[in-house]
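**Q** Fold the following.
(2 chains)
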Amino acid sequence: MPVPKWFVVARNEYFIRTSSIRKIRPYFPYLVIGLLAVYVAFIAPAFVNLFIDEFIAFFLSQAAVAIVEIILFLIFFYFIIIPISNTLKEVQTGQQEIVLAAPIKPSDVLLGEFLGVMPFYAIAAVVIVGLFTAVLNPLGLDMVQIVMIIIIFIVTFFSALWIGTVIAAILRTKFGKTARGKDIGKALSLIIALPAIGLMYAIIGGGLLEALADPGTSGMVEAILGLLPSSWGAEVIISFASNPGNITAVGFETLTRFGGLVAFFVATLWLGAKAANRAYSLEPTTFISSRAKPDGVFYKTIKYLGGGGSFGTLLVSTFKGYSRRLQNLSYIAYAVGILVLVTIFFMHPEEPMDALLMGLLLFPLLAAFVASDVTLRGKDTLFIYRKTPSGVGRFVKARLVQGWLVVVPIAGGIAAVSTILIPQTTFISLLTYTGLVMLFVAAFVAFALGLFLLNPAFSDKSGNFILNIFIVPNVSLGLTLVPLLVFDLPALDSLSYVIIPLSWLLGIVFLYLGKRNLSRIE
Amino acid sequence: MKKVLIHTKGLSKYYGKGGEIKAVDKLDLEVYEGETFGLLGPNGAGKTTTVRLLNCIIKPTRGTATVNGYDILKEETEVKRVTGLLAESPGLYEKLSAYEFLEFMGALYDVPRDILPERIDDLLKLFGLHDRRDHLLEGYSRGMKQKVLIAAALIHDPPILFFDEPTSMLDPRAALMVKNLIKGLADRAGKTIFICSHILPIVEELCDRIGIINQGKLIALGTVDEIIAQTETKTLEEAFIAITGGVEEKELLAWREHRDAGA
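**A** Below is the predicted model:
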């Protein structure tokens, strides 16, 4: 009897995911199961024992339902967006032609892809479930209640993963057919994480947990999240915690919520299988390719700023190449989004220093994202400049000006708005602070550009990319904290006399080194 | 009388509003058993769309076709079982080894488990890849990847093989090997082979008959000699240009004329 096709696809998917550990692949499942068993039996209970009184008090508190609902919602949301984000980062449809030419139903491909990645998500699920059961166990829950809680987690997680897998497959097919679509995919892969980050910031710095202690607030959150299937399980878990060993006391609630969750899982499986034909198709969706419009006022101005001659043309071309890529715009949107979220949840108008410090940490991140484009398009682009007379110098200059034109106005705008929000701000202090931030961020564009040329990252998945993105804000952190903490200088003095001059020094040195390295890259 | 293995009748694939883009338009074609047939055409002529239609990867807007007697609209699974496809630019599973990839493809095509390992070994030996069977495909050269893809198309030993631009990305040595393999499959294994290409010498050397397709329409059909005779030209290249059109020689350096005039 032939092996079921979904199993063939699932095994293939599993092999792909474990290709980096091929030597230990036969023992990998036993190793993972063993480690998880140790975690569930010993580590999780030992960790919970440290805070057992707080945990029990929490599960019996007013806010418990709302908080567990939020936790389950966050996990549900992440299990949906992780497969989507992973797929969108690099949309590949080439393999579809091989699979579609074979005698296999699209629903089998979809099920296989889901089952192939499920073991890795199951590890995360076991870690979370292990912690919850360790917390609930001392309350005296019976075996039926514990088993039902485990089933609730499994059904919630795998519903979310299935939904994510189906949406990812549909988006892959939709976006994978054109270069523009792939660009949109990469842009979305970053942006879709922002809502979850916002919710996390609201919990960490926005006082959401404290607010949930208020019955009115927690009631409102419960009412909103109660509509989502992730919350149905949370209600059952809390009702078990309130009635340990007595499932009949909450029989109706258990039946409706638990039954609803299982019905939701079955419905998503059925709907996903129905959508499989749309998820695997090589039918072209469009024959319209993106067209460039004649240069308008904006590009004409940039060309003018570049001197109008061949350097002006080079600058405009660099700017077009950068700004027409949605992935680049998504980096800016992401960095600005983080800045806005930090401002909302972590800033306190009575402490203006917070805004200054956060700005000095996050604006360099924006500079790093913008500067990263210099090598992300591959060596071939760099070699074009190497081939042309004085190409390297003009290329670096054009990239620097383009980076300034993108980053400096954004940083200046955000700095101005956050300064205005501080009570009793004078016009002079607004201008001074905004101007200093613009000077600071301009230096960091030069530094980040030099760093990316010195340590080129030819892919956004490469270690060099992650390292450079990590280095830039941390250098800024060092430059900011040393004068403030060690020399105890006032914030504006630090910025004016130490941070900005040092940033420019770093920027000039790294830009020189980066430019020199560009001539040597092979 | 020769048995017809591929038969298209008014096969059409239209895209866009009202079907204004005719990727394939009313294609009537017969390919015989054991024949090597070449579909020739410029880029965007409709060659790949034709191959995708005949392999049930996409569905026709109008018309139909049979492959080994199976209807592409009603007997999709049977059509897929009797065909092997080397696509123009397929994505390999780069994180698999050659052996794992062929094992995956064999399982997809239901090759019995008791013969699959031996067949994979035989194919890897044939293509000179046996020593690297456990290396990940990401480390293979383009030619080696093409060999693995051809092995994948052969894994279930189908009677009909589709090769879409089989040598376009290969160096001369690898291209020669692929040409010899196609010849061997046709002459010694009796396979029916359908080649799509815009490389004229390949088609000229390998194919018993050719069809020329342009803007979705089949505009010439016959042996190479017949097509040259029909167009009153001397070579297939001249015949191809005569049928599909080309740039006049005097236009080739027109872009320099302004400078010459100014000099």
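**Q** Contacts only, for the closest residue to chain A within the stretch 151-263 of chain B.
**A** Ranking the residues of the stretch 151-263 of chain B by distance to chain A (C-beta to the nearest C-beta) places residue B:152 first, at 7.2 Å. For every residue, glycine as well, the C-beta is placed using N, CA and C. Listed by C-beta atoms under 8 Å, 6 or more residues apart in numbering or on different chains, the contact set of residue B:152 reads A:98, B:101-102, B:105.
**Q** Now for the most centrally placed residue in chain A: which residues touch it?
**A** Residue closest to the average C-alpha location in chain A (C-alpha atoms, centre = their mean): residue A:193, at 4.4 Å. For residue A:193, the contact set (C-beta under 8 Å, 6+ apart) comprises A:81, A:85.
**Q** Roughly how far does it sit from residue A:368?
**A** 18 Å (C-beta to C-beta, to the nearest Å).
**Q** go on, residue B:206?
**A** Distance, residue B:206 to residue A:368, by C-beta to C-beta: 54 Å.
**Q** So the two - more neighbours on which side?
**A** Neighbour count, other C-beta atoms under 10 Å in any protein chain shown: between residue B:206 and residue A:368, residue A:368 has more, with 28 against 23.
**Q** Okay, and that one sits in which element?
**A** Here residue A:368 sits within helix A:352-371, counting by DSSP states H and E.
**Q** Compute the number of surrounding residues for residue 100.
**A** With no chain named, the answer covers chain A. Residue A:100 has 22 nearby residues by other C-beta under 10 Å.
**Q** Chain B is the one I meant
**A** By other C-beta under 10 Å, 22 other residues sit near residue B:100.
**Q** any idea which helix or strand carries it?
**A** Element membership for residue B:100, per DSSP H and E: helix B:98-108.
**Q** does the very next helix or strand once past that helix come close to chain A?
**A** The helix or strand immediately downstream of helix B:98-108 is helix B:116-126, counting by DSSP H and E. No - counting by C-beta under 8 Å from any C-beta of the partner chain, chain A has no neighbours in helix B:116-126; the shortest distance is 10.6 Å.
**Q** What residues does chain B have near chain A?
**A** Counting by C-beta under 8 Å from any C-beta, the residues of chain B lying close to chain A are B:15-16, B:21, B:52, B:55-59, B:76-77, B:80-81, B:83, B:85, B:87, B:89-93, B:95-96, B:100, B:104-105, B:107-110, B:113, B:136, B:152.
**Q** Can you give me the buried ones in whichever strand or helix holds residue A:38?
**A** Taking DSSP H and E as the definition, residue A:38 sits inside helix A:28-38. Buried positions in helix A:28-38, judged by neighbour count with 16 or more other C-beta atoms under 10 Å in any protein chain shown: residue A:36.
**Q** Could you list every helix and strand in contact with it?
**A** If you count contacts as 3 or more C-beta pairs under 8 Å, 6 or more residues apart in numbering or on different chains; DSSP states H and E, helix A:28-38 packs onto helix A:106-136.
**Q** chain center to the very next helix or strand once past the helix it packs on, what's the gap?
**A** Moving toward the C-terminus from helix A:106-136, the next helix or strand (DSSP H and E) is helix A:143-175. Centroid separation between helix A:143-175 and its chain, computed with C-alpha atoms, centre = their mean, to the nearest Å, is 20 Å.
**Q** do the same with stretch A:365-385
**A** Using C-alpha atoms, centre = their mean, the offset of stretch A:365-385 from its chain centre is 21 Å.
**Q** still on that earlier bit, need the CA coordinates for the helix holding residue A:38. PDB is fine.
**A** C-alpha atoms of helix A:28-38 as PDB (Å, rounded to 0.1, in the frame of the first residue of the first chain):
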ATOM      1  CA  PHE A  28      16.500  14.200  17.600                       C
ATOM      2  CA  PRO A  29      12.900  13.300  18.500                       C
ATOM      3  CA  TYR A  30      14.100  11.100  21.500                       C
ATOM      4  CA  LEU A  31      16.400  13.900  22.700                       C
ATOM      5  CA  VAL A  32      13.600  16.500  22.500                       C
ATOM      6  CA  ILE A  33      11.000  14.200  24.200                       C
ATOM      7  CA  GLY A  34      13.500  13.400  26.900                       C
ATOM      8  CA  LEU A  35      14.400  17.000  27.600                       C
ATOM      9  CA  LEU A  36      10.700  18.000  27.600                       C
ATOM     10  CA  ALA A  37       9.800  15.200  30.000                       C
ATOM     11  CA  VAL A  38      12.500  16.400  32.400                       C
END
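**Q** contact partners of that helix?
**A** Contacts for helix A:28-38 (C-beta under 8 Å, 6+ apart): A:18, A:21, A:24, A:119, A:123, A:126-127, A:130.
**Q** Would you map the helices across chain B?
**A** Taking DSSP state H to define them, one finds helices in chain B at B:47-54, B:76-81, B:98-108, B:116-126, B:142-154, B:172-187, B:200-206, B:224-231, B:236-244, B:257-262.
**Q** Rounded mean pLDDT for the first one, please.
**A** Along helix B:47-54, the predicted local confidence has a mean pLDDT of 93.
**Q** What of the fifth one?
**A** For helix B:142-154, the per-residue pLDDT values average out at 89.
**Q** relative to helix B:172-187, how tilted is it?
**A** 20 degrees (axes from the mean of the first three to the mean of the last three C-alpha atoms, to 10 degrees).
**Q** Now helix B:142-154: buried residues?
**A** By neighbour count on 16+ other C-beta under 10 Å, the buried set for helix B:142-154 is B:143-154.
**Q** could you redo these as a markdown table and give each row distance to residue A:266?
**A** As requested, those are exported to a markdown table (distance: C-beta to C-beta, whole Å):
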| residue | distance to residue A:266 |
| --- | --- |
| B:143 | 49 |
| B:144 | 46 |
| B:145 | 42 |
| B:146 | 45 |
| B:147 | 45 |
| B:148 | 40 |
| B:149 | 39 |
| B:150 | 43 |
| B:151 | 41 |
| B:152 | 36 |
| B:153 | 39 |
| B:154 | 42 |
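**Q** how close does residue A:499 sit to chain B?
**A** The gap separating residue A:499 from chain B is 44 Å, by C-beta to the nearest C-beta, to the nearest Å.
**Q** for residue A:299, same thing?
**A** 25 Å.
**Q** Check which helix or strand that residue maps to.
**A** Assigned by DSSP H and E, residue A:299 belongs to helix A:297-305.
**Q** Please enumerate residues in contact with that helix?
**A** With C-beta under 8 Å, 6+ apart, helix A:297-305 has contacts from A:295, A:312-313, A:315-316, A:319-320, A:401, A:405.
**Q** TSV for those residues, including distance to residue A:37?
**A** What follows is the contacts of helix A:297-305, written out as TSV (distance: C-beta to C-beta, whole Å):
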residue	distance to residue A:37
A:295	65
A:312	66
A:313	65
A:315	61
A:316	62
A:319	57
A:320	57
A:401	59
A:405	57
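**Q** which of the residues you listed lies closest to chain B?
**A** Chain B lies nearest to residue A:313 out of the contacts of helix A:297-305, by C-beta to the nearest C-beta, at 19.5 Å.
**Q** State the mean pLDDT of the helix or strand harbouring residue A:396.
**A** Residue A:396 is part of helix A:391-420 when elements are defined by DSSP H and E. In this model, helix A:391-420 has a mean pLDDT of 90.
**Q** and what of stretch A:486-501?
**A** 76.
**Q** same question, stretch A:16-33
**A** Mean per-residue pLDDT for stretch A:16-33: 91.
**Q** So what touches stretch A:479-488?
**A** Applying C-beta under 8 Å, 6+ apart, the contact partners of stretch A:479-488 are A:357, A:360-361, A:489, A:491, A:494, A:498-499, A:502-503, A:506.
**Q** Does the residue lying closest to residue A:243 once chain neighbours are set aside belong to a helix, a strand or coil?
**A** Once flanking residues are discounted, residue A:243 sits nearest to residue A:249: 4.4 Å by C-beta to C-beta, 6 or more residues apart in numbering or on different chains. Under DSSP: H, G, I helix; E, B strand; the rest coil, residue A:249 falls in the helix class.
**Q** Understood, closing this out.
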